[in-house]
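Chemist: Sequence first, predicted coordinates after that:
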Amino acid sequence: MLKITLATSNKHKVDEINLIAKDYDIEFVLPEGDFDPVEDGSDFLQNAYCKVKEAIKTGSTKYYLADDSGLCVDCLDGAPGIYSARFASNPKERIDKLLDILKDKPNKKDRCAHFTCAMVLCDKKGKVVFQTQKKCFGYILDKPIGEGGFGYDPIFFVESEKMSMAQLSKEQKASVSHRSLALNEVLSWLVKNY
Ligand code: IMP
């Protein structure tokens with residue numbers, strides 16, 4: 001079994017990633033100790049690189065993977081984007097703030113959005129061996145629907161599934177999400193190269 005440190009303290013991400021990778025002989029584990037890297041990049045890939053560099057200092061696995069992700073709303077020029085986690089102080093306030101900003105835009109065509117996930121895979125010396133960035137498209141609902149997932153999932157309507165991300169089962173989310181699209185590319189690279 002290949003163990004890979006996932007550069008996050010977000011347990012939801014580790015669980016989602018291990019579910020997506022369930023058919024591979026790979027286990028993604030959290031960094032050892034507290035993990036709170038400074039994310040001062042100007043895009044998702046740069047922030048993923050900030051995280052992976054910090055994770056390398058904490059562990060002893062052969063590879064390190066960072067996932068930097070967020071919600072980008074078209075009519076807000078991509079906001080909250082890389083600031084998705086810092087948009088307000090907790091998940092409910094982040095959702096309320098976004099719904100309030102969009103309250104004067106009732107039409108779904110004005111509420112188009114996507115989740116982005118950038119992934120950077122490094123070896124233990126910090127060399128980037130693979131990177132990718134993927135998107136999942138939809139729009140912002142006018143109220144939260146569904147209990148699953150995390151973060152902005154209850155207000156994100158997944159165009160391909162015709163349901164909110166929070167209404168999808170874990171397995172459905174693992175087959176359509178921005179994270180699964182990116183991770184499947186990482187897994188293909190690992191299968192050929194490790
Ligand atoms: P990160 O941990 O710095 O990558 O911040 C990601 C933030 O974007 C999270 O705290 C969520 O608010 C949001 N986010 C990323 N991926 C998802 C997802 O799959 N569902 C809902 N929100 C997400």
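Modeler: Right, received. Where do you want to start? Numbers count the residues shown, from 1 in each chain.

Chemist: And the contacts of stretch 173-187?
Modeler: 13, 16-17, 19-21, 24, 26, 65, 67, 69, 114-119, 121, 130, 132-136, 148-149, 153, 158, 160-161, 165, 168 (Cβ atoms under 8 Å, 6 or more residues apart in numbering). All C-beta atoms are positioned from the backbone trio N, CA, C, and that covers glycine.

Chemist: Let me see the backbone angles for the residue of the chain found nearest the ligand.
Modeler: Minimum separation of the chain from the ligand (Cβ to the nearest ligand atom) falls at Gly151, amounting to 2.4 Å. Per-residue torsions, Gly151: phi 60, psi -130 (degrees, to the nearest 10).

Chemist: Can you report how many residues lie near it?
Modeler: Using other Cβ atoms under 10 Å, Gly151 has 21 other residues around it.

Chemist: Report the separation between the residue nearest to it when sequence neighbours are not counted and His12.
Modeler: Leaving aside its sequence neighbours, Gly151 sits nearest to Pro91 (Cβ to Cβ, 6 or more residues apart in numbering; 5.9 Å). Relative to His12, Pro91 is positioned 10 Å away (Cβ to Cβ, to the nearest Å).
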